[in-house]
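*Asks:* Sharing a model that was predicted from the sequence below.
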Amino acid sequence: MSSVATEAPPASGRAVVASVRNVTKLYRLGGEDVHALAGVSIDFHQGDFVAIMGSSGSGKSTLLNLLGCLDRPTTGQYLLGGNDVATLDDESLSRVRGRYLGFVFQSYNLIQQLSVVENIAVPLAYQRPPNPDGHALCLRLAKLVGLSGRLGHRPNQLSGGQQQRVAIARALVNNPHVILADEPTGNLDTATSIEIMDLLDALNNAGRTIVMVTHEPDIAARAKTVISLRDGKIESITHNDR
Amino acid sequence: MNFIQQLRLGFRSLLLHKLRSALAVLGILIGVTAVIWLVALGEGVSYQAQQQIKNLGATSIIVRTIKPTEEANRESGSRSGISYGLLRDDYDRLLVNVPTITKAMPMREISREVRNGEFAIDSSLVGCTPEYFDINRLAIERGRALSAADMEYLDNVAVLAYEVAEKLFPIEDPLGRAVQIGEEFYVVIGVAEQRTASAAIGGSLAARQYDKDVYIPLSTFRARIGDQVITVRGGTFQNETIELNQITAVVDDMNSVDSSADIIRDLLARYHKSLDYAVVVPKELLEQAETMRTMFNVLLLLIAGISLLVGGIGIMNIMLATVTERTREIGIRRALGATKGEIVQQFLWETVVLSGTGGLLGVAVGFLCGPTVTIVRETISELFPEVWSNLPPNIRDLEPLIAPWSIVAAFGISVGVGIVFGIYPARRAANMDPIEALRHE
């Protein structure tokens, strides 16, 4: 159980959009139990920009997978959109992902055979009920990330930075409560990294909640809050003065 | 995603590997084409058989003389020869005792050489009544058919079948000329139109080559040729006495065919010690042919089904490869909100697009069955005329008949095969752990 759990950022009147309570994650590796997460509690508020840092094996990827509803905690609660999603079945988790979460990955994870605008539209295919203005929305988002001129391009015709912009537009298309970014600049050069971080900043300033995993301190420094993990526990929470 | 979107997505994913998809489509295409072609050929064959039986007349009953087995010969035969088959008395008895018979037609037949000077042909000399031409649908090309007067006056007149006329009178008009059969001369009064030979039907009716017939009045036959036939076989004389080779009885109504046939059988059994006759009922043959057709179709469907199964396995094979290759895509889609069911759907659509495309193309190729048979027929008759002329008539004249149900069945089965063989790969895709799938390189 983490003692720093109570030191979560002050609520300051903003709504809590996601909240993990005492989550643990146990893996069995070669007959031994490994605590990837040993009791973590965090609240994420509307408009937060949180960077999760930690060395390899600190549990940051596990935490991100739990936050992304790609995995379930062994124990503990995860409140998202007013529900405890820690106990949901596979189908409901899929629906929760499609409804409340946006993903940005290190390796962009665009679908190669689809064009820019089609990639942006992928999450819309899984919306219930379907969004009638989906196409117009995709065009707006492409414009927002500066790719209006490349709507018909395939991912392999784009630079890394452009691909990540497509991925960000895709993460916005379902109007998620939280955007989860896993090393979003990990595959990019410094100049492009700055561009991408500027874009995330802009989104955050517009009210988007962003949770980002990174191991680069200068990238983490651009978040409002930095949470450091160590051995599956929260080691420190720092508030950046931005 | 709606239907159109799913379809488009399926097509596009398959176009990523054009050759691989094309080969899988080919597998289904061949299966569907096989179903349609085999059924079309089967239907063609059975249609032929049915037409042939219908030509015999659905209301007719045919009684034929057959040579009894050797053992029976020894009992009934004497040193001077054997006597068997239908009798003129049988003919009278049928007319008197079976009230449903409206018309009965006796016929006698023998192999004889027919000559016109130096031209000669081995023909089948048929002694018959004028009705024979009607009942067997033999049209007269020139001159006239036999008449009642010919019968009455035992005239030496003959109607030649097409090929006989061609052979004996290559240049001149045969009408009014004489042909020689044995010692006798006969005046040609008519030439019959060309008529396709009919194949044997089961074991009950022998094949008949109408084009080598020579028709003379039955009464003339009896007077000039007689009942006794002496043939030399293997150095010994064989002496056979036959009065009639065939009696064709026509009854008044389809419904009385079966009962009339029973009466005829009873009647003949009473007067014949050995089984030297056979009763053939075309209506029964028609029913048999119907049963045969069903069995044939089932067999063909089974064979074609196997080829579709092989095609299905081909589809499963490429879908498994596709799923492995697109693990990453599956992970992405799962992360972005796709449920397992939606992933299953996506991959099932792909297999249905594959098998459906194969099915549609297969139906298209299926329609080429008729032209293909025509081309094959022309090629064989051009390149190998010998082989061609030796083929049985029902193969030479075979016209495939495309059965509408076979098209529906073939296409339906192909789509079904797509679904059945797509389920396993699709489920495998859906059951991947999204985290693992996202890490997949």
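*Replies:* Cool, the structure landed.

*Asks:* what's near enough to touch the residue in chain B that chain A sits nearest to?
*Replies:* Of all residues in chain B, residue B:337 sits closest to chain A, at 2.1 Å by CB to the nearest CB. All C-beta spots, glycine's among them, are computed from the backbone N, C-alpha and C. Shown in contact with residue B:337 (CB atoms under 8 Å, 6 or more residues apart in numbering or on different chains): A:94-95, A:97-99, A:123, A:126-127, A:174.

*Asks:* Can you tell me the SS state at it?
*Replies:* The local conformation at residue B:337, judged by DSSP: H, G, I helix; E, B strand; the rest coil, is coil.

*Asks:* ok, back up a step: so which of the contacts of residue B:337 also contact chain B?
*Replies:* Residues of these in contact with chain B (CB under 8 Å from any CB of the partner chain): A:94-95, A:97-99, A:123, A:126-127, A:174.

*Asks:* List just the nearest of those residues to chain B.
*Replies:* residue A:98 (2.1 Å).

*Asks:* how about low-confidence regions in chain A?
*Replies:* Low-confidence segments of chain A (pLDDT under 70): A:1-13, A:242.

*Asks:* State the distance from the most centrally placed residue in it to chain B.
*Replies:* The centre of chain A sits closest to residue A:180, judged by CA atoms, centre = their mean, with a distance of 0.3 Å. Counting by CB to the nearest CB, to the nearest Å, the gap from residue A:180 to chain B is 9 Å.

*Asks:* Are we agreed that that residue is in a helix?
*Replies:* No: with three-state DSSP as the criterion, residue A:180 is located in strand rather than a helix.

*Asks:* so can I have a markdown table of the ones next to chain B among the contacts of residue B:337 showing secondary structure, neighbour count and distance to residue A:82?
*Replies:* Listed next are the ones next to chain B among the contacts of residue B:337 as a markdown table, based on DSSP: H, G, I helix; E, B strand; the rest coil; neighbours: other CB atoms under 10 Å in any protein chain shown; distance: CB to CB, whole Å:
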| residue | secondary structure | neighbour count | distance to residue A:82 |
| --- | --- | --- | --- |
| A:94 | helix | 26 | 18 |
| A:95 | helix | 18 | 14 |
| A:97 | helix | 28 | 16 |
| A:98 | helix | 24 | 16 |
| A:99 | helix | 18 | 12 |
| A:123 | helix | 28 | 21 |
| A:126 | helix | 21 | 20 |
| A:127 | coil | 16 | 19 |
| A:174 | coil | 23 | 17 |
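
*Asks:* Run through who's touching the lengthiest helix in chain A.
*Replies:* Secondary structure assigned by DSSP state H gives helix A:190-205 as the longest helix of chain A. Helix A:190-205 is contacted by residues A:47, A:49, A:145, A:159-161, A:164-165, A:168, A:172, A:179, A:181, A:184-185, A:188, A:210, A:212, A:219, A:222, A:224 when judged by CB under 8 Å, 6+ apart.

*Asks:* Check which residues of it are buried.
*Replies:* Of the residues in helix A:190-205, A:192-197, A:199-200, A:203-204 count as buried by neighbour count, 16 or more other CB atoms under 10 Å in any protein chain shown.

*Asks:* pLDDT value on residue B:255, please?
*Replies:* Looking at residue B:255, its pLDDT stands at 83.

*Asks:* go on, residue B:72?
*Replies:* 51.

*Asks:* nearest spatial neighbour of residue 185, skipping sequence neighbours?
*Replies:* Picking chain A for this. Nearest non-adjacent residue to residue A:185, counting by CB to CB, 6 or more residues apart in numbering or on different chains: residue A:193, 3.8 Å away.

*Asks:* looking at chain B here, not the other one
*Replies:* residue B:178 (4.4 Å).

*Asks:* Next, residue A:187: secondary structure please.
*Replies:* Relying on three-state DSSP, one would call residue A:187 coil.
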